[in-house]
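*Asks:* need coordinates for the following:
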Amino acid sequence: MLVFPPSPKIDLKETVLLKLDSKKLDLSSLVVSPDRSRVACTSADRKFAVMDGKRFGPFAVAAPPVFSGDSRNFAFAAIREPLKGGEMYLNGEYVQTESEVTRVMRLGDTGPIAWMEQGKQGIRVCTNDFKTAWMPKLVRSAFSTDGKGFSFIFSELPKDPAQSPPEYLMQGNTAVVPRGRTVNCFPAPGGAGYLNIHLDTKIDYNAPAEIGFGDWNGQRFAYEGKVVGLPIFNSTGTAWAVRSEYTGVTPKGNMQFSKYTATSGPVKELDIQTGFVFRPGSEDFVLCGKRGDDIFIKKSPALAVPYSQFPNLDVAPREFYKGAAWSGKNVILLFQSKKTRPSLFIEGKGMVDLAVDQAMQNSLAVSPDGKYLALNVLRNDVASVMVVPLEDPLQMTILGKEDFVVDQAEKVAPLWLDNRHIRFLALRKSQLLRMDAEIKE
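*Replies:* Numbers count the residues shown, from 1 in each chain. As a prediction, this is how the structure comes out:
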């Protein structure tokens, strides 16, 4: 007689964060703290900033509050009187600045609160710890996810409209230099460095595509075709990957190619590549792709192999996986076929079908200890959170009853507070709810 372990007991607690009253609040301005414990917005007439239900004002106009990366502080820009400059308010209290405040923001996803000041010399970005040089006209800005790295491309104000003014590059608090051939500059997390994409290209008649160039902390690298999308960095900011595309000629006619170039070099094994995900804290990665008619998986540093040669993956649909995550050194892959229900491949366990209609590919979240997977799913047209014990994946559990809907299920993954606590936001009858789940073992 087979005995299956019971599904984990999961307690769910809900807290009403906000009543969604469009007559009193500008619901398009809603902002949630990174830890999803607090919510802010502006009043419907935009004369008040609203934080946790408390109103600050009135002002001539107020901008939505911004949270610090640790969720402890909030700030907003506001104008007290028409025709006067913007001011900054930190935790509801006025803060004296040297110049007019045009914007309050957070650096990256988890960085500190920052603000832009406008003065006679142009604009600059400030935090409690630093102030950048003045930039007459800002062209482009970029921040690392943790806010520890930032870059700006800016120009002088044009003296002759017929001529383009010179442009400059600022990487962190280093000296400003001429922009040169740099098209984009992307800061890595942890302040580890900068990935630059250049205008430089070279035609190699022995290669299938035009060769483009970039540099990582000054070390030059090459890629085929044109870079598409944003770079991917590992969690420590020590490794990166960019995806490029080009059209090449094959015996079967023209074909669209896509390939990754990583810190370790270009991935040459597959013609079409997608689904790149770094293993947390490592330079190892996983991706899937195609060569000829076969679908492959590459789990670095090993070579790419067909699904049929990867242990227990031979029963997977013959298609690219839609999402990937890591549990330790094992990969978790989400397959979302149009013909069947979604399924998970859990390395070391095999394939398991999910008893739902759809799984959100950007929502895979593994607990810090690697024992559980949480993801957003759709069942009976209701968005919910599912928890999957990775040792016993058949004991998957849907959190709560179908009397609420997970907020932004396609965009925002469930948040692990620790190994056994999950937080997500939900909607019910014009209420925004904070849902806290605790796994009991």
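
*Asks:* which residues in the stretch 151-300 of the chain form strands?
*Replies:* 167-171, 177-178, 182-187, 194-202, 211-216, 219-224, 226-233, 240-250, 253-262, 265-266, 272-278, 285-291, 294-299 (DSSP state E, counting those that start in this stretch).

*Asks:* ok, which of the ones you listed comes nearest Lys13?
*Replies:* Nearest to Lys13 among these is strand 272-278 (31.5 Å), distances taken as Cβ to Cβ. For the C-beta atoms, the positions are set from N, CA and C on the backbone; glycine is no exception.

*Asks:* I'd like the average pLDDT over that closest one.
*Replies:* Average pLDDT, strand 272-278: 97.

*Asks:* what are the buried residues along it?
*Replies:* Using 16 or more other Cβ atoms under 10 Å as the test for burial, strand 272-278 gives 272-273, 275-278.

*Asks:* list the beta-bridge partners for Ala222.
*Replies:* Phe213 (DSSP bridges).

*Asks:* I'd assumed Glu210 was in contact with it.
*Replies:* No: if you go by Cβ atoms under 8 Å, Ala222 and Glu210 don't touch, sitting 10.5 Å apart.

*Asks:* hang on, the earlier thing: a markdown table for the strands of the stretch 151-300 of the chain, including distance to Lys47?
*Replies:* Rendered in a markdown table, the data for the strands of the stretch 151-300 of the chain read as follows (distance: least, Cβ to Cβ, whole Å):
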| stretch | distance to Lys47 |
| --- | --- |
| strand 167-171 | 36 |
| strand 177-178 | 44 |
| strand 182-187 | 36 |
| strand 194-202 | 41 |
| strand 211-216 | 47 |
| strand 219-224 | 50 |
| strand 226-233 | 37 |
| strand 240-250 | 45 |
| strand 253-262 | 49 |
| strand 265-266 | 55 |
| strand 272-278 | 45 |
| strand 285-291 | 49 |
| strand 294-299 | 55 |
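
*Asks:* mind checking which of the ones you listed is nearest Pro8?
*Replies:* Of all these, strand 272-278 comes closest under Cβ to Cβ, at 25.7 Å.

*Asks:* which strands and helices sit next to that closest one?
*Replies:* Contacts defined by 3 or more Cβ pairs under 8 Å, 6 or more residues apart in numbering; DSSP states H and E place strand 272-278 against strand 226-233, strand 240-250, strand 253-262, strand 285-291, strand 323-327.

*Asks:* related to what we said a few turns ago, so which of the strands of the stretch 151-300 of the chain comes closest to Lys322?
*Replies:* Taking the strands of the stretch 151-300 of the chain one by one with Cβ to Cβ, strand 272-278 is closest: 7.8 Å.

*Asks:* ok, Met360 - contacts?
*Replies:* Residues in contact with Met360 (Cβ atoms under 8 Å, 6 or more residues apart in numbering) are 375-378, 409-410.

*Asks:* next, count neighbours for the closest residue to it other than its chain neighbours.
*Replies:* Nearest residue to Met360, sequence neighbours excluded (Cβ to Cβ, 6 or more residues apart in numbering): Asn376, at 4.2 Å. Neighbour count of Asn376, defined by other Cβ atoms under 10 Å: 27.

*Asks:* so what's Asn376 bridging to?
*Replies:* Residues in beta-bridge contact with Asn376 (DSSP bridges): Val385.
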